[in-house]
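Peer 1: Sharing a model that was predicted from the sequence below.
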Amino acid sequence: MSDIEARLQELRESGLYRRMRHVSGPQGSRVVLDGRPVLLLCSNNYLGLADHPRVREAAADAAMRWGAGAGASRLVSGTMTVHRRLEEALAAFKGTESAVLFGSGYLANLGVIGAVAKLAAAGAVAGPPVVFSDELNHASLIDGCRLARAETFVYDHCDVEHLAWGLRQHGGRPGLIVTDSVFSMDGDVAPLEELVELARGHGVRTVVDEAHGTGCLGPGGRGAVAEAGLEGEVDVVVGTLGKALGAYGAFAACSAAMRDYLTNTARSLIFSTALPPPAVAAALAALEVLQEHPEMVDKLQANAGVMRDELAREGFEVAGSCTQIVPLVVGDADLAMQVCEQAIEAGVFAQAIRPPTVPAGTSRLRLALMATHTRDELRAAARTLGRAALQAGFRPGAGVPLAAAQPAGHPDERLPAPLAGDDAAAAAA
Ligand code: PMP
């Protein structure tokens, strides 16, 4: 057996083997999955904009007008009109002076954390910089911390006391606090006001990843930062274009000076080809549709409320979520997969998420609501999920409470949440 086969076998035996399922057609609320029609309950196409007629048309028009690709990094072959337009629109939407596009959210987080950590190091008189990172941050933030080669203090999930302790321990050292706004696997929201206040008090910067907040929360979908009244108060807000905005790519919303600095130092921006014009134009059209129809955001959150209520009626514990992301924690990886397969057979697709994407012992079905789901669809899906759980041998509500399954909250310094050796491929929800 080759080393590759041996490793794959190991993954199969531990219930962690992954394969890509085949979806026919666009990411609508109903899709054909491996030949079977299902309700799609795990796509981040939260507002249904990925297949909105105006968004598709904008992408097609842009392909005809500007071509399929951008040719090179914008620092090499120049920035295109459509890139500029989208950056201006995003800055206005996020209430910041400026914005700069990145190839993806993953690339944005790698580039931004590295650049901002270096900035902290440059002026350092009190020692090297420290990155303070929530233990449930997305893999791209974790990898950003690693690539920055800065010391990282991992604080317990949303635990401002632990963070404050960490900041005191590293007293006076420059640094930054990085956090998801909406946690991608749990659907809870970071205590942004307290984080910004702590950052101010300790003279460190803040980077907030609004991948799942942009278009989903806050006034007009401007995100959790706007909802907390912190527009313009966070040093860098990262947002993605591939989720609620239905296209592909990402951006950093920040001051004009920070934009200039990122353009000069963020390696994932400098050394990577610019976003293709059709993706940029699609995101721009999606942003316009969102601004014309802010009621889509209300519908999304109303749907999330309906789903949480219906799932609670089935006996599931969903109290940790307050957004469009609703985890059904099963615990064991194999069992979570079995629940997932049973649900697919009954017409509901909610992918099981296993380590290293989530901590060991907290495998789950991660439900992602869309504004385009109907209430009847959601009510029926909750019943289907309840039945699927029982058929797979899991009693809804018997999952491991999240707090119990996560690493103990003792105030020590930890590296970013450990990921298995092949983390990059796997942590891609
Ligand atoms: N941040 C978070 C919180 C995410 O969930 C994701 C993707 N799932 C990313 C960043 C990466 O974004 P992208 O898919 O655009 O690379």
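Peer 2: Right, received. Where do you want to start? On a predicted model such as this, the values are computed, not experimentally measured, just so you know. Numbering: from 1, shown residues only.
Peer 1: Could you name the residue of this protein that is farthest from its center?
Peer 2: For the chain, the largest distance from the centre (C-alpha atoms, centre = their mean) belongs to M1, which lies 37.2 Å off.
Peer 1: was I right about that one contacting R7?
Peer 2: No: if you go by C-beta atoms under 8 Å, M1 and R7 don't touch, sitting 9.8 Å apart. Placement of C-beta: from N, CA and C, glycine included.
Peer 1: The one residue in the chain that gets nearest to the ligand: neighbour count?
Peer 2: Going by C-beta to the nearest ligand atom, the ligand is nearest to G105 of the chain, at 2.2 Å. When neighbours are defined as other C-beta atoms under 10 Å, G105 has 26 of them.
Peer 1: Can you name the residues of the stretch 151-300 of the chain that neighbour the ligand?
Peer 2: Residues of the stretch 151-300 of the chain found near the ligand, taking C-beta under 6 Å from any ligand atom as the criterion, are 180, 184, 209, 211-212, 240, 242, 250.
Peer 1: Check those and tell me the two furthest apart.
Peer 2: D180 and G242 (15.5 Å; C-beta to C-beta).
Peer 1: Quick check: the residue nearest to E193 when sequence neighbours are not counted vs V358, distance?
Peer 2: In this structure, E193 finds its nearest non-sequential neighbour in A228, 5.3 Å apart by C-beta to C-beta, 6 or more residues apart in numbering. Distance, A228 to V358, using C-beta to C-beta, to the nearest Å: 25 Å.
Peer 1: How far off centre is the helix or strand containing A199?
Peer 2: Element membership of A199, judged by DSSP states H and E, is helix 192-202. The chain centroid and the centroid of helix 192-202 are separated by 22 Å under C-alpha atoms, centre = their mean, to the nearest Å.
Peer 1: Against which helices or strands is the helix or strand following that helix packed?
Peer 2: Going down the chain from helix 192-202, the next helix or strand is strand 205-209, by DSSP H and E. Counting by 3 or more C-beta pairs under 8 Å, 6 or more residues apart in numbering; DSSP states H and E, the packing neighbours recorded for strand 205-209 are helix 105-122, strand 175-180, helix 192-202, strand 236-240.
Peer 1: just the strands in the stretch 1-150 of the chain please.
Peer 2: 23-24, 30-33, 36-40, 98-102, 130-134 (DSSP state E, counting those that start in this stretch).
Peer 1: does V236 have beta-bridge partners, and which?
Peer 2: For V236, the beta-bridge partners are V207, C254 (DSSP bridges).
Peer 1: isn't it right next to A257, touching?
Peer 2: No: here V236 does not reach A257: they are 11.6 Å apart, not a contact under C-beta under 8 Å.
Peer 1: More neighbours: which of those two?
Peer 2: Ranked by neighbour count (other C-beta under 10 Å), V236 and A257 place V236 first, with 27 against 10.
Peer 1: what residues does the stretch of helix or strand Y261 belongs to touch?
Peer 2: Here Y261 sits within helix 256-265, counting by DSSP H and E. With C-beta atoms under 8 Å, 6 or more residues apart in numbering as the test, helix 256-265 has contacts from 75, 97-100, 111-112, 114-115, 118-119, 235-236, 252, 254, 269-270.
Peer 1: So which bits of whichever helix or strand comes after it are buried?
Peer 2: Per DSSP H and E, the first helix or strand lying C-terminal to helix 256-265 is helix 267-270. Residues of helix 267-270 classed as buried by neighbour count (16 or more other C-beta atoms under 10 Å): 268-270.
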